[in-house]
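S.K.: any chance you can model this:
(one chain, ligands or ions: 2)
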Amino acid sequence: MKGFKLVSLLVFLTTMCIDSGSATKCYACTSVTNQECEKMSNVSAITVLDCPDETPVCIKLVVAGTTTRLCENESTCATYDKASGTTCKSCTTDLCNAANSKFIPHYTVSIGILAALYASLKLLF
Ligand SMILES: *[C@@H]1O[C@H](CO)[C@@H](O)[C@H](O)[C@H]1NC(C)=O
Ligand SMILES: *[C@@H]1O[C@H](CO)[C@@H](O)[C@H](O)[C@H]1NC(C)=O
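M.R.: Ligands and ions are numbered 1, 2, ... in the order given. Got it, this is the predicted structure:
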């Protein structure tokens, strides 16, 4: 019985991970044409995109005072990191490229999942 519960839990967790990884939604805008893109004080003025599979990562890029938010891939920010006066942040949950505080490093999410797993195991057994 214990084995069955453990398998169910693992299937559940795996399903959750797969679901959250597909068709991420990201804000897509540039402050060149939309000042709200920088301030994000009125998100209803910002386009929301269902990201294609090739670019499933939301980024916020600031180059020379211009803010851009869009769907990109994991490697995009690495190409901007070196340039001075440039910041690029990426994240993988729906609409996570909204505000600075919403960017959660991947390792924090992993620790959260591990903590949740540990708590579930203690509850079940
Ligand atoms: C927010 O943006 C929407 C869409 O552009 C606009 O209709 C609405 O009036 C704006 N609201 C405020 C408070 O500026
Ligand atoms: C990431 O996107 C850039 C530009 O959008 C593209 O040139 C590059 O090949 C992509 N890399 C991967 C790993 O998909």
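S.K.: pull up the distance across stretch 72-86, start to finish.
M.R.: Taking Cα to Cα, to the nearest Å, stretch 72-86 runs 16 Å from one end to the other.
S.K.: please list the residues of the chain that sit near ligand 1.
M.R.: Proximity of the chain to ligand 1 is confined to 42, 44, 45 under the rule Cβ under 6 Å from any ligand atom. Yep, even glycine has a C-beta here, placed from its N, CA and C like the rest.
S.K.: part of a strand, is the second one?
M.R.: No - with DSSP: H, G, I helix; E, B strand; the rest coil as the criterion, residue 44 is helix rather than part of a strand.
S.K.: ok, it to residue 121 distance?
M.R.: For residue 44, the distance to residue 121 equals 42 Å [Cβ to Cβ, to the nearest Å].
S.K.: repeat that for residue 60.
M.R.: Here the criterion is Cβ to Cβ. By it, residue 60 lies 36 Å from residue 121.
S.K.: among those two, which residue is more densely surrounded?
M.R.: residue 60 (26 against 12; other Cβ atoms under 10 Å).
S.K.: let's verify that one: helix, strand, or coil?
M.R.: With three-state DSSP as the basis, the three-state label of residue 60 is strand.
S.K.: dump the residue contacts of residue 26.
M.R.: Shown in contact with residue 26 (Cβ atoms under 8 Å, 6 or more residues apart in numbering): 48, 49, 51, 58, 59, 69, 70, 71, 94, 95, 96, 97.
S.K.: for it, which non-adjacent residue is spatially closest?
M.R.: Excluding the flanking residues, the one nearest residue 26 by Cβ to Cβ, 6 or more residues apart in numbering is residue 58, at 3.7 Å.
S.K.: quick check: bridge partners of the one you found?
M.R.: Per DSSP bridges, the residues bridged to residue 58 are residue 71, residue 91.
S.K.: that one: neighbouring residues, count only.
M.R.: Neighbours of residue 58 using other Cβ under 10 Å come to 28.
S.K.: and the gap between it and ligand 2?
M.R.: Look at residue 58 and ligand 2: by Cβ to the nearest ligand atom, to the nearest Å, they are 14 Å apart.
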